[in-house]
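S.K.: Let's see this in three dimensions:
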Amino acid sequence: MRTVHWISVIRWAVCPLAVVALLAGMAVQPPGATRADEPDFAPPVYQIHRAGSPITIDGKLDEPAWFATPAVGEFQFTWHKEGRKERSVAKLLWDDNNLYVAHVCEDSHISARHKDHDGPIPEDDCFEVIFAPNPNQPEVYFNIEWNEVGGYLDNFRPEGPKKPRAKVWDAEGVQVAGTYVGTLNDDSDTDTSWTCEVAIPLKNFEKYMPHTPPQPGSHWNLNLNRHGGKTNMQYSQWSRADTPTPNFHTPHRFGKAVFSDKVSPFDS
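M.R.: Numbers count the residues shown, from 1 in each chain. Below you'll find the predicted structure:
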């Protein structure tokens, strides 16, 4: 087993302890979150804390802000049929410039080959944030999806899920860095997990946000999704969709991500 870190094509590092510590800290259901598999569905709610210090996008997740802020809560296996359910834990932070996403994904067979922007990322083990930055326009939403070797894609749906995505739209300044514990693209052994840290500049969405940066107390309709991979491919998500077959484009079922004025790790 080895832990490999990606920040660019040529930079690598090792950091297993941060992954273990974050897994322990992220497994707690935050207060006020609602399970999506209750008989009467209610979307989950998450308070995004402000980052109290700079976040370095290196995939290590070793800033105090990540350790102190709560996890989004349990992921739902909406369309599970077979195979071991592999858990995901995730956290969000924000500041005046960026939305930050961090996650650890349990995975016995990690696969990722695509490093190009807008490449076939869904063929790899991948993770996605999908959101409507103006809750008064819930059908106007974006999705950004990445793998652990830094490949990512981005899309914009200006007219909802039943209309085509925007032909020309790219988010500027997105940063993705990842680590993994195991051997990449090798199913002959058993891996442990993969981790990513992502920064998404808010300026990409300022035309569609009521305020930039967001005002404390405002919220986005948002979901977090995981899928892909060559072996034991499953689908899991923060807020459960309501389609009979896998489909993440269900904005009416997104959760609620509130921009809190609480600072992590030390509130004033």
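S.K.: May I see the buried residues of stretch 83-92?
M.R.: 86-92 (16 or more other CB atoms under 10 Å). For glycine as for every other residue, the C-beta is placed from the backbone atoms N, C-alpha and C.
S.K.: ditto for stretch 256-267
M.R.: So for stretch 256-267, counting by 16+ other CB under 10 Å, buried means 256-260, 263-264.
S.K.: you'd agree Pro43 is in a helix?
M.R.: No - Pro43 sits outside any helix when classified using DSSP: H, G, I helix; E, B strand; the rest coil, being coil.
S.K.: Now the residue nearest to Val45 when sequence neighbours are not counted: which helix or strand?
M.R.: Spatial nearest neighbour of Val45, excluding adjacent residues (CB to CB, 6 or more residues apart in numbering): Lys256 at 4.6 Å. Per DSSP states H and E: Lys256 is located in strand 255-264.
S.K.: tell me what that strand is packed against?
M.R.: strand 45-51, helix 64-68, strand 88-94, strand 219-227 (3 or more CB pairs under 8 Å, 6 or more residues apart in numbering; DSSP states H and E).
S.K.: Could you export these to TSV, including columns for distance to His109 and mean pLDDT?
M.R.: Converted to TSV, those look like this (distance: least, CB to CB, whole Å; pLDDT from 0 to 100):
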stretch	distance to His109	mean pLDDT
strand 45-51	29	98
helix 64-68	26	97
strand 88-94	15	98
strand 219-227	14	97
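S.K.: Can you convert the ones you listed into TSV and add a column each for distance to Pro158?
M.R.: Listed next are the helices and strands packed on strand 255-264 as TSV, based on distance: least, CB to CB, whole Å:
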stretch	distance to Pro158
strand 45-51	24
helix 64-68	33
strand 88-94	23
strand 219-227	15
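S.K.: dump the residue contacts of Lys256.
M.R.: 43-46, 135, 219-222 (CB atoms under 8 Å, 6 or more residues apart in numbering).
S.K.: what about the strands in this protein?
M.R.: All strands of the chain, identified by DSSP state E, fall at 3-6, 45-51, 88-94, 98-106, 126-132, 141-146, 152-157, 175-181, 193-201, 219-227, 236-237, 255-264.
S.K.: Strand partners (parallel or antiparallel) of the fifth one?
M.R.: What that stands for is strand 126-132. strand 141-146 (antiparallel), strand 219-227 (antiparallel) (DSSP bridges).
S.K.: Generate TSV for the strands of the chain, with distance to Glu63 as supplementary columns.
M.R.: TSV is the format used below for the strands of the chain (distance: least, CB to CB, whole Å):
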stretch	distance to Glu63
strand 3-6	15
strand 45-51	8
strand 88-94	9
strand 98-106	9
strand 126-132	19
strand 141-146	19
strand 152-157	21
strand 175-181	13
strand 193-201	9
strand 219-227	20
strand 236-237	26
strand 255-264	9
